[in-house]
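Q: Need a 3D model of the sequence below.
(one chain, ligands or ions: 1)
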Amino acid sequence: MRIPLDHYSQLPLYRQIECFLHEEIDSGALQTDTKLPSTRELANSLGVNRITVINAYAELEAKGLVYTKLGSGTYVAYPPESLPDRKDQETDEQRWPLWQQQLSHKAMLPGELEKERIGLVSEPSEDLIWLAGGQGAVDLFPADDFRKSLQSILLRDKTEAMGYGDDAGYLPLRATIAHILANQGIHAHPKDILITTGSQQALSLVANLLLRPGDVVLLESPTYSGAIDLFTSEGAQLVGVPVDENGMQVERIEALLRTYHPKLIYTIPTFHNPTGACMSGTRRRQLVALAKKYNAPILEDEFVGDLRYDGRAQPALKSLDCCGDVIYTGTFSKMLMPGIRVGYLLASGPVYERLRAWKHTTDLASSNLIQRALEAYISVGRYQTHLNRARRIYRRRRDAAIAALHKYMPDDVEWITPQGGLFIWLKLPDGVTDHNLYASAISHKVAFAPGSLFFPAEKSRQFLRLNFVMHPGEIIAEGIRRLSEAISNSLGIASS
Ligand SMILES: Cc1ncc(COP(=O)(O)O)c(C=O)c1O
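A: Okay, here's the model as predicted:
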């Protein structure tokens, strides 16, 4: 074991050893029941007196962090019940330089605080049915096909694929995306497309370019929690517009535009996150016209636009935009897999060059190798085949989820059947909140995304979001059955 010791420090050597081991135990690098080196061994390897190590171990033992087995040695203790509580962590934080203490508080954005408050489980465990996620089905990720594309690119493009590449993105991929967009009625020139590291980076570039602290952003309420955190981190003031089954209630927007003069309208018109709603054609046209009238740019986030299972396709806002008011962003994260981190934005006019320059400043370029592999994957038709399959399977899973909701949920739980996307938004009965239900659901071995995570300002606690694509139908149905039990329990508690 190598422990850095400072022989000139005012901190005695035994305390330096103790602090080092304490941190290793805290961080989990030294796990429970790990045997520590004998005092003789450690003293020899560190070149210190054995008494120094004995004293360090004694201090750790006094704190309950290690225990001694007679004749065997010293072991890491640290049972979960002795994990430092929040108060200890706060005093622990004070060890760090002041700028770090200030940073850690500043970086706690609303979404993170909310998740912390709820005690959100972030790691799905084996017996927990995880309906909380925001991605597509892992079992559908086309790992083998993508590996083939990657291999073919390494053979074909050799060192060309290893350089930074074009900062706007690999041109053939931009041309392919332009082609995909043309099928959705969007006239896009490859030179107006900027490849980004996921669409999150597209949102971030736009926010950074267009917003200054105090500026107002109009957005759906509820909306994507990653966008709430992002705009908040830019110091923007968020003004929410309610959503119904036809998407953002655009009728309310004109008054808000007059009052707040927003610098940005952010919307997820198609299979909205978290509600699954799809904005009607009439509202889409009204929104684009209003943005033009009030000189407010629209950021259209089309994160799952291609995952439609039934109903009539609606025009993208970008396809209704005559004059460059709409910045459109798309991603391969949900339709393909998030790990490739390829998204894009489409913007016309001077804003494009500014976004491109900012992208270059931020990260030089997105992965050249992955972009080439993705282009190869799409151009041999594998992407389309994958999409068709995903749509077929997701439709079945959606139907299974809706059937289970009808079968198991108490009468006063409400939902809208989504025509596409990943999510069902559930309204809980009076008296049950997402917070209270969360702990109970976890004990019933099912996890959902609490609705309050998605509200930009006034939080409603009466909703939750279910991902219906991540598991086969029978697992989703079982998850919904468990959830209905948790709701019924909470209702029992609420009425008693
Ligand atoms: C609505 C919405 N937009 C954008 C993103 C960002 O996705 P990515 O950066 O993986 O493309 C997400 C991720 O969950 C999302 O839900």
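Q: My reading is that Thr270 lies in a helix. Confirm?
A: No. Counting by DSSP: H, G, I helix; E, B strand; the rest coil, Thr270 falls outside a helix, being coil.
Q: so it sits right up against Cys278, yeah?
A: Yes. With contact defined as CB atoms under 8 Å, Thr270 reaches Cys278; the gap is 5.5 Å. All C-beta atoms are positioned from the backbone trio N, CA, C, and that covers glycine.
Q: Alongside the ligand, which residues does the stretch 201-350 of the chain contribute?
A: 224, 226, 268, 273, 301, 303, 331, 333, 338, 343 (CB under 6 Å from any ligand atom).
Q: Now the second one: closest residue in space, sequence neighbours ignored.
A: Spatially, and ignoring its direct neighbours in sequence, Gly226 is nearest to Gln200 (6.0 Å; CB to CB, 6 or more residues apart in numbering).
Q: which other residues reach the host helix or strand of that neighbour?
A: Counting by DSSP states H and E, the element that carries Gln200 is helix 198-210. Identification of contacts with helix 198-210 by CB atoms under 8 Å, 6 or more residues apart in numbering yields 194, 196, 226-227, 230-231, 234, 236, 263-264, 266, 297, 299, 301, 303, 327, 329-331, 333, 338, 341-345, 351, 354-355, 358-359, 362-363, 366.
Q: if you set the cut-off to 6 Å instead, what comes out?
A: 196, 227, 230-231, 234, 263-264, 299, 327, 329, 331, 333, 341, 343, 345, 354-355, 358-359 (CB atoms under 6 Å, 6 or more residues apart in numbering).
Q: Please convert the buried members of the residues you listed into ChimeraX selection syntax.
A: Per 16 or more other CB atoms under 10 Å, the buried members of those correspond to this ChimeraX selection:
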select :196,227,230,231,234,263,264,299,327,329,331,333,341,343,345,355,359
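Q: would you turn the residues of the stretch 201-350 of the chain next to the ligand into TSV with pLDDT?
A: Listed next are these as TSV, based on pLDDT from 0 to 100:
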residue	pLDDT
Tyr224	96
Gly226	94
Ile268	98
Asn273	98
Asp301	98
Phe303	97
Thr331	97
Ser333	96
Pro338	95
Gly343	98
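Q: ok and the residue in the protein nearest the ligand?
A: Closest approach between the chain and the ligand, counting by CB to the nearest ligand atom: Gly198, at 2.4 Å.
Q: okay, now that residue: neighbour count?
A: Around Gly198 there are 22 other residues, counting by other CB atoms under 10 Å.
Q: Regarding this protein, what is its longest strand?
A: In terms of residue count, the longest strand belonging to the chain (DSSP state E) is strand 237-244.
Q: helix or strand right after that one?
A: Next along the chain after strand 237-244, taking DSSP H and E as the criterion, comes strand 247-248.
Q: how far does that next one sit from the chain's center?
A: 22 Å (CA atoms, centre = their mean, to the nearest Å).
Q: pull the CA atoms of the next helix or strand after that strand into PDB?
A: Of the helices and strands lying after strand 247-248 in sequence (DSSP H and E), the nearest is helix 253-260. Output in PDB follows, covering the C-alpha atoms of helix 253-260 (Å, rounded to 0.1, in the frame of the first residue of the first chain):
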ATOM      1  CA  ILE A 253     -48.700  32.100 -24.900                       C
ATOM      2  CA  GLU A 254     -49.500  35.500 -26.400                       C
ATOM      3  CA  ALA A 255     -50.200  37.100 -23.000                       C
ATOM      4  CA  LEU A 256     -47.000  35.600 -21.600                       C
ATOM      5  CA  LEU A 257     -45.000  36.900 -24.600                       C
ATOM      6  CA  ARG A 258     -46.400  40.400 -24.000                       C
ATOM      7  CA  THR A 259     -45.700  40.300 -20.300                       C
ATOM      8  CA  TYR A 260     -42.300  38.600 -20.200                       C
END
